[in-house]
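Student: What follows is a predicted protein model with its sequence.
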Amino acid sequence: MASASPRQAGQAAEQQALDYLQAQGLQLLQRNWMCKGGELDLVMMDGDTVVFVEVRYRRHAQWGGALESIDARKRGRLILAAQRFLQTQSQWQDSPCRFDVVALEGNARIGQPVQWLTNAFDC
């Protein structure tokens with residue numbers, strides 16, 4: 001059986017992250033929300049808090065793991081995308097917000113361990 005393409009593996013990881021977070025009680029608002037300059041993998045609600053979730057998948061950790069791949073430039077792009085999301089989705093503008101990271105490493109099979117880092121960074 002041929003191995004999955006990087007895109008397919010990323011999509012599988014994102015679906016696993018979504019399933020995991022929904023099992024933890026979060027509700028999906030948007031998936032793959034795009035704007036000029038950025039994309040939000042998952043936008044979810046945790047109680048009254050809007051959660052911007054970055055899903056990071058790395059098949060191998062030899063160039064740094066999934067969590068380590070969120071550098072200052074990536075954080076800046078996520079913050080900008082979140083600001084644009086809130087500008088266009090006015091019903092959430094007054095809600096508290098946070099940035100979470102869900103990291104998966106390995107071959108993105110169902111059942112791989114999920115690392116969920118809440119409040120991963122501030123803006």
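Tutor: Arrived safely.
Student: Name the helix or strand for the closest residue to Cys35 other than its chain neighbours, please.
Tutor: The shortest distance from Cys35 to any non-neighbouring residue, by CB to CB, 6 or more residues apart in numbering, is to Arg84 (4.4 Å). All C-beta atoms are positioned from the backbone trio N, CA, C, and that covers glycine. Applying DSSP states H and E as the criterion places Arg84 in helix 72-88.
Student: what angle sits between the next helix-or-strand element following that helix and helix 72-88?
Tutor: Moving toward the C-terminus from helix 72-88, the next helix or strand (DSSP H and E) is strand 97-105. Between strand 97-105 and helix 72-88, the angle comes out at 130 degrees (axes from the mean of the first three to the mean of the last three CA atoms, to 10 degrees).
Student: how far does strand 97-105 sit from the chain's center?
Tutor: Taking CA atoms, centre = their mean, to the nearest Å, the mean C-alpha location of strand 97-105 is offset from the chain mean by 5 Å.
Student: repeat for stretch 75-87
Tutor: That offset, for stretch 75-87, works out to 13 Å (CA atoms, centre = their mean).
Student: May I see the buried residues of it?
Tutor: Neighbour-count burial for stretch 75-87, with 16 or more other CB atoms under 10 Å as criterion, is recorded at 75, 78-79, 81-82, 84-86.
Student: which residue is nearest the middle of the chain?
Tutor: Of all residues in the chain, the one closest to the mean position by CA atoms, centre = their mean is Glu54, 2.1 Å from it.
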